[in-house]
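Participant: Sharing a sequence plus its predicted fold:
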Amino acid sequence: MNLIRKMTAALAFSAALGASAVFAQEITLRSSDTHPDGYPTVEAVKYMGELIKERTDGRIAVEVYHSAQLGEEKDTIEQTRAGVIDLNRVSMGPFNGLVPETRVVSLPYIFRSVDHMHKVMDGEIGEDILAGFEPHGLIGLAYYDGGARSFYNSSKPIESLADLQGMKFRVMQSDIFVDMVNALGANATPMPYGEVYSSIETGVIDGAENNFPSYESAKHSEVAKYFSLDEHLIVPEVLVMAKTSWDKLSPEDQAIVRQAAKDSVAKQRELWAAREVASRKMVEEAGSTITTPDKQPFIDAMDPVYEKHVTDDKLKELVERIRAVQ
Ligand code: GTR
């Protein structure tokens, strides 16, 4: 081999090496979550990232920005649609104004139990709802558990629906939740999650509603000691991807991301189940009082919410399909 050919070969070799070095760190997907590090949703997305890294030989990495580092949920949804954030783990609630399909699973007492919710979301209905994100610049990847949401407040134990009258509760930013609280005879104040603690502390609101892990990890339990297990909402959480980020991936990589997201669901459910128990124990030990009001009057009060929000045929049909799942 003459020198020129040798040099060409050497150059080609180093170019190949260089290319593979670049190849090793091709894409980093930034993922947002409002919850702190260690929360089941945060850990599930990290786990998904590990699976993706493994299955792409390190070409695609996921970085989770927890604790609302990238903003409050409603803002991060817009940023994800704009492709500024690649992945976002959010409740279905803040999507209600954007993705009509999310409204049905945000209806109070639509699910009989968490088990019923799993059956619905793991089946055809869940897939249909995921597909509903695409026209809005998002790819729906998977659902995570968020348990059941109940009211908590700073002033008194809620033993029955009568105790709730006139009280002021924060809800997620969705018209359905505003109407739900109003139908119960209380007043709703929609606001971002990050403002709830100080709003309870300063008396702007009497309380809020959420599951045990959020009540505990956001420290709402410090300022609102009365938790009433009325379980009015079982709203699934969802992991979405920016369509612009998705479109940059090859079909093979899209399949890897979709599968890894699905594979992270079992992990999240396992972490969720443990955290629900642990969080409940923590708040009880720290002095929270838990009451269990009779749910039936709460359920009965929801008729006007269904009448107002389940109007078009598509939604009516979805409600029927969900109820029919055994
Ligand atoms: C949590 C949920 C968050 C957020 C929060 C809220 O349970 O995991 O995504 O929606 O509630 O109330 O804003």
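Facilitator: Sure thing, it's come through.

Participant: now the helices for the stretch 51-200 of the chain?
Facilitator: 73-81, 101-104, 114-121, 124-131, 175-183, 196-201 (DSSP state H, counting those that start in this stretch).

Participant: Show residues contacting the first one.
Facilitator: Helix 73-81 has contacts (C-beta atoms under 8 Å, 6 or more residues apart in numbering) with 32, 34, 70-71, 85-88, 90-91, 94-95, 98, 136-138, 172-173, 192-193, 240-243. In short, each C-beta sits where N, CA and C put it, glycine included.

Participant: how about a cut-off of 6 Å?
Facilitator: Applying C-beta atoms under 6 Å, 6 or more residues apart in numbering, the external contacts of helix 73-81 come out as 32, 34, 70, 85, 88, 90, 94, 137, 173, 242.

Participant: now the residue nearest to the second one when sequence neighbours are not counted: how far from the ligand?
Facilitator: Translated: T34. Ranked by C-beta to C-beta, 6 or more residues apart in numbering and with sequence neighbours excluded, the top spatial neighbour of T34 is A68, at 4.6 Å. Counting by C-beta to the nearest ligand atom, to the nearest Å, the gap from A68 to the ligand is 10 Å.

Participant: again, but for Y39
Facilitator: Where the ligand is concerned, Y39 sits at a distance of 8 Å (C-beta to the nearest ligand atom).

Participant: Tell me how many other residues crowd that residue.
Facilitator: Residue neighbour count, defined by other C-beta atoms under 10 Å, stands at 22 for Y39.

Participant: Ramachandran angles for it?
Facilitator: phi -70, psi 150 (degrees, to the nearest 10).

Participant: The ligand contacts on this protein?
Facilitator: 34, 73, 90-91, 93, 146, 172, 193, 210-211, 214, 237 (C-beta under 6 Å from any ligand atom).

Participant: Mind listing residues that contact the host helix or strand of E307?
Facilitator: Per DSSP states H and E, E307 falls inside helix 303-309. Applying C-beta under 6 Å, 6+ apart, the external contacts of helix 303-309 come out as 176, 179-180, 183.

Participant: buried stuff in the helix or strand following it?
Facilitator: The helix or strand immediately downstream of helix 303-309 is helix 313-324, counting by DSSP H and E. Using 16 or more other C-beta atoms under 10 Å as the burial criterion, the residues of helix 313-324 that qualify are 315, 318, 322.

Participant: gap between the first one and I322?
Facilitator: Between L315 and I322 the distance is 10 Å, computed by C-beta to C-beta, to the nearest Å.

Participant: go on, F169?
Facilitator: Distance of F169 to I322, given as C-beta to C-beta: 25 Å.

Participant: From the rest of the structure, what touches stretch 195-209?
Facilitator: 149, 151-155, 167-170, 189, 223-224.

Participant: wait, which of the residues you listed is closest to the ligand?
Facilitator: Nearest to the ligand among the contacts of stretch 195-209 is R149, at 6.8 Å by C-beta to the nearest ligand atom.

Participant: Skipping its backbone neighbours, what lies nearest the closest one in space?
Facilitator: Residue nearest to R149 in three dimensions, not counting chain neighbours: L233, with 4.3 Å by C-beta to C-beta, 6+ apart.

Participant: Thought F151 was touching the one you found, still the case?
Facilitator: No - using C-beta atoms under 6 Å, L233 is not in contact with F151, being 10.3 Å away.

Participant: re the thing from before, so which of the contacts of helix 303-309 wins on neighbours?
Facilitator: M180 (27 neighbours).

Participant: Now do the closest residue to that residue other than its chain neighbours: how many residues are near it, please.
Facilitator: Spatial nearest neighbour of M180, excluding adjacent residues (C-beta to C-beta, 6+ apart): P108 at 4.9 Å. When neighbours are counted by other C-beta under 10 Å, P108 registers 25.

Participant: Also the one 3 residues further on?
Facilitator: Residues contacting F111 under the criterion other C-beta under 10 Å number 24.

Participant: Let me see the contact set for the residue in the stretch 101-250 of the chain positioned nearest to the ligand.
Facilitator: Going by C-beta to the nearest ligand atom, the ligand is nearest to Y193 of the stretch 101-250 of the chain, at 3.5 Å. Contact analysis of Y193 by C-beta under 6 Å, 6+ apart lists T34.
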